[in-house]
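>>> give me a model of this one.
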Amino acid sequence: MAVTILRPDEVTSGVSNFTATGGSSIQVSMADNTDTTYIRKSTSVAGTASIIFGMGTTALSTGQRIRQVRIRARIDTPSADARCNIYLGTRVNNTNYFASPIRIASTNYSTITELTSPYLTAAPDGEAWDQNRLDALRMQITEYKDSPDRTSVYALYADVDIATRPTLTVSSPTGTITTPAGLEVNWSYSDTDGDAQRYYQVRVIASSVYGVGSFDAATSDAVWDSGETISPDTTAAIGSYLADGTYRAYVRVAKTINGLPFWSLWGYSTFTVSLGPMPAPTLTGTYSTSSNSVSMALAGTNPVLKSFVNAVFQVQRSDDGGTTWADVREGDAIAQDGTYHGFLVDYEAKRTNTARYRARQIGYTGAIGSSTSVAGPWSTALVLNITNDGAWWIKSMLDPNLNVGGVRVLGPSLDFTQEESLGVFRPLGRTRPIVISGYLYGQDSELEIATQGAAEWSTISALAQRQDTLFVQDPFGEQRYIRVTGRSHRLEGHASNPRRYLKLSYVEVEG
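This next block holds a predicted model:
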């Protein structure tokens, strides 16, 4: 507690109601430090009388706040019949407000005694203490008795308890951070008044923000903000993933003054996050003519080593020498097993072509798909020649088990017809019809498939019944994604070994 003592420096009213003994003036008698000077109500004044003193002041710095104010007085009384009140007050908007009196009654203070009022944590007008209210501090003496019961007042004091804002030093994080799992901000708290820390706030701000001229640690954008936290802790775990870059951890702390936080200035530490993303995985693979597919194996890294919680693989294919790339089906988020490996089969590589594959790891700070993610670099491209076995293949995009080759299609290639949707109306009274046209889309056609044996029929029939997209490749290197719009079936040959023919009408769709 740091207390500043103020003494009377003027008489603002009631000077004629009191007289000084031993001093040069009423004001000097109250401001000196001798018990030989005092004031009492004048004998010429009957009944209740008051005098008001202005008090000296002190200048508050921006780092100070008034905690509380009280008054003290040195008095004596001739008998227990004395009755006198001494009030603490301030003047606001030309009005005096008084409170917290020292009450002198029913006691004989036969020797000089120092009396003290309770502290006021708010100014007498009910508002918080501030510089203006301190500058307008008042003390009022009200005497209710006449001679011989008058109180003698020897000295007046105003004790101003001034609190100084706390300070702190942010000690970490600093330097280059390569493993930010559980990254914490640490600081030390100090207060010259001995008050405990009650609040803290931590804001982590990127260098691109704190480096600009209009930066404000309290309001500029932060990558993480603890908010005003009620706690005596001097450590806070950063609750957000930090990508590679340079940051400052800004911290402020507060103690409580009259129920409200009194905040320190912001302190900070500067640090750099240099994790690097998940490293490129190892990608191997082979093309199988028997299944007309590419099987790929991926070997990755434990995500914890890079302070991620989870990781997945992503695999893309290029059919134009690496100019453009697209995700392989089911290859945008391939799960890693317990040894950080993954597996993927591509059934859609274009035949008579050189396919290029690349893979990368994507690290997640929490749950896959719902937390911050960081993608690593791409692997070296895996280059495979996709040959053409001269056979028809029909594949389901949603069921890899329905992948059948060597299908006997009665037709030379993926020929197509394209019909325009038209509506022809011949209203009565018109000499020519009205034609309403739709638009051309896709490539409409049909396939006629000849099957032999129950096993082949079962597989082809299952494909024909699919309501999802099918992938069709012909012996000439053409391929198309289709949706079946109609089916017809007929039997020929001997009943013991029938040949089944299946005609599929389709429309081309997006893959």
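
>>> which residues of the stretch 1-150 of the chain fall in strands?
Taking DSSP state E, counting those that start in this stretch to define them, one finds strands in the stretch 1-150 of the chain at 2-6, 8-13, 18-21, 38-41, 49-55, 64-76, 83-92, 95-105, 113-116, 137-143.

>>> which residues are in contact with the most centrally placed residue in the chain?
Geometric centre of the chain, nearest residue: residue 224, 5.0 Å, by C-alpha atoms, centre = their mean. Residues near residue 224 by C-beta atoms under 8 Å, 6 or more residues apart in numbering: 202-204, 238-240, 242. Where C-beta positions appear, they are placed from N, C-alpha and C, glycine not excepted.

>>> now a ChimeraX select for only the buried ones of the residues you listed.
Burial among the contacts of residue 224 is assessed by 16 or more other C-beta atoms under 10 Å; the matching ChimeraX selection reads:
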select :202,203,204,238,242
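
>>> returning to what we had before: format the strands of the stretch 1-150 of the chain as JSON lines; extra columns: distance to residue 263.
What follows is these, written out as JSON lines (distance: least, C-beta to C-beta, whole Å):
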{"stretch": "strand 2-6", "distance to residue 263": "18"}
{"stretch": "strand 8-13", "distance to residue 263": "33"}
{"stretch": "strand 18-21", "distance to residue 263": "45"}
{"stretch": "strand 38-41", "distance to residue 263": "44"}
{"stretch": "strand 49-55", "distance to residue 263": "29"}
{"stretch": "strand 64-76", "distance to residue 263": "10"}
{"stretch": "strand 83-92", "distance to residue 263": "25"}
{"stretch": "strand 95-105", "distance to residue 263": "28"}
{"stretch": "strand 113-116", "distance to residue 263": "31"}
{"stretch": "strand 137-143", "distance to residue 263": "26"}
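
>>> right, so of those strands, which gets closest to residue 183?
For those, the distance to residue 183 is smallest for strand 64-76, at 33.8 Å, taking C-beta to C-beta.

>>> in terms of secondary structure, what does that closest one contact?
The helices and strands touching strand 64-76, judged by 3 or more C-beta pairs under 8 Å, 6 or more residues apart in numbering; DSSP states H and E, are strand 83-92, strand 95-105, strand 113-116, strand 152-164.

>>> so which of these comes closest to residue 136?
strand 83-92 (4.1 Å).

>>> tabulate the helices and strands packed on strand 64-76 (JSON lines), appending mean pLDDT and distance to residue 232.
Listed next are the helices and strands packed on strand 64-76 as JSON lines, based on pLDDT from 0 to 100; distance: least, C-beta to C-beta, whole Å:
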{"stretch": "strand 83-92", "mean pLDDT": "97", "distance to residue 232": "33"}
{"stretch": "strand 95-105", "mean pLDDT": "94", "distance to residue 232": "32"}
{"stretch": "strand 113-116", "mean pLDDT": "97", "distance to residue 232": "32"}
{"stretch": "strand 152-164", "mean pLDDT": "97", "distance to residue 232": "18"}
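
>>> of those, which approaches residue 29 most closely?
Closest to residue 29 of those is strand 152-164 (C-beta to C-beta; 7.9 Å).

>>> continuing past that closest one, what's the next helix or strand?
strand 167-172 (DSSP states H and E).

>>> CA-only coordinates of that next one in CSV, if you can.
The C-alpha trace of strand 167-172 is given here as CSV (Å, rounded to 0.1, in the frame of the first residue of the first chain):
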residue,chain,number,x,y,z
THR,A,167,4.3,-5.2,-14.4
LEU,A,168,5.3,-8.4,-16.1
THR,A,169,8.1,-10.0,-18.1
VAL,A,170,7.3,-12.5,-20.8
SER,A,171,10.0,-15.1,-20.8
SER,A,172,8.8,-17.6,-23.5
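
>>> what lines up beside the helix or strand following it in the sheet?
Once the chain leaves strand 167-172, the next helix or strand it forms, by DSSP H and E, is strand 175-177. Each strand paired with strand 175-177, and its direction, by DSSP bridges: strand 267-273 (parallel).

>>> and the strands in the stretch 151-300 of the chain?
Using DSSP E, counting those that start in this stretch, strands in the stretch 151-300 of the chain cover 152-164, 167-172, 175-177, 184-190, 199-206, 224-225, 229-230, 235-237, 245-257, 260-263, 267-273, 282-288, 293-299.

>>> quick one: the helices in the stretch 301-450 of the chain?
Along the stretch 301-450 of the chain, no stretch is classed among the helices by DSSP state H, counting those that start in this stretch.

>>> residue ranges for the strands of it, please.
So, for the stretch 301-450 of the chain - with DSSP E, counting those that start in this stretch - the strands run 310-318, 326-327, 334-335, 341-346, 353-364, 373-375, 382-386, 392-396, 403-409, 422-425, 434-437, 444-452.

>>> dump those to CSV, plus mean pLDDT, distance to residue 77 and mean neighbour count.
Below are the strands of the stretch 301-450 of the chain laid out as CSV (pLDDT from 0 to 100; distance: least, C-beta to C-beta, whole Å; neighbours: other C-beta atoms under 10 Å):
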stretch, mean pLDDT, distance to residue 77, mean neighbour count
strand 310-318, 96, 82, 22
strand 326-327, 94, 96, 12
strand 334-335, 96, 91, 17
strand 341-346, 96, 95, 18
strand 353-364, 95, 81, 22
strand 373-375, 85, 81, 17
strand 382-386, 96, 104, 16
strand 392-396, 89, 107, 21
strand 403-409, 85, 111, 17
strand 422-425, 66, 115, 9
strand 434-437, 65, 113, 10
strand 444-452, 82, 116, 18
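
>>> out of these, nearest to residue 270?
So among those, strand 373-375 is nearest, using C-beta to C-beta, at 22.2 Å.

>>> and that closest one, how far out from the chain middle?
Mean-position distance between strand 373-375 and its chain equals 18 Å (C-alpha atoms, centre = their mean, to the nearest Å).

>>> now do it: which elements does it pack against?
strand 353-364.

>>> got the angle between the strand it packs on and strand 341-346?
If you take axes from the mean of the first three to the mean of the last three C-alpha atoms, to 10 degrees, strand 353-364 sits at 140 degrees to strand 341-346.

>>> parallel or antiparallel, which strands does strand 353-364 pair with?
In its sheet, and by DSSP bridges, strand 353-364 pairs with strand 310-318 (antiparallel), strand 373-375 (antiparallel), strand 382-386 (antiparallel).

>>> now the helix or strand harbouring residue 487: mean pLDDT?
Counting by DSSP H and E, the element that carries residue 487 is strand 479-492. The pLDDT scores in strand 479-492 average 86.

>>> one step back: any chance of a markdown table for the helices and strands packed on strand 64-76, columns mean neighbour count and distance to residue 455?
Converted to a markdown table, these look like this (neighbours: other C-beta atoms under 10 Å; distance: least, C-beta to C-beta, whole Å):
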| stretch | mean neighbour count | distance to residue 455 |
| --- | --- | --- |
| strand 83-92 | 22 | 100 |
| strand 95-105 | 17 | 101 |
| strand 113-116 | 13 | 106 |
| strand 152-164 | 21 | 90 |
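
>>> residue 30: which of the ones you listed is closest?
Nearest of the helices and strands packed on strand 64-76 (C-beta to C-beta): strand 152-164, 4.7 Å.
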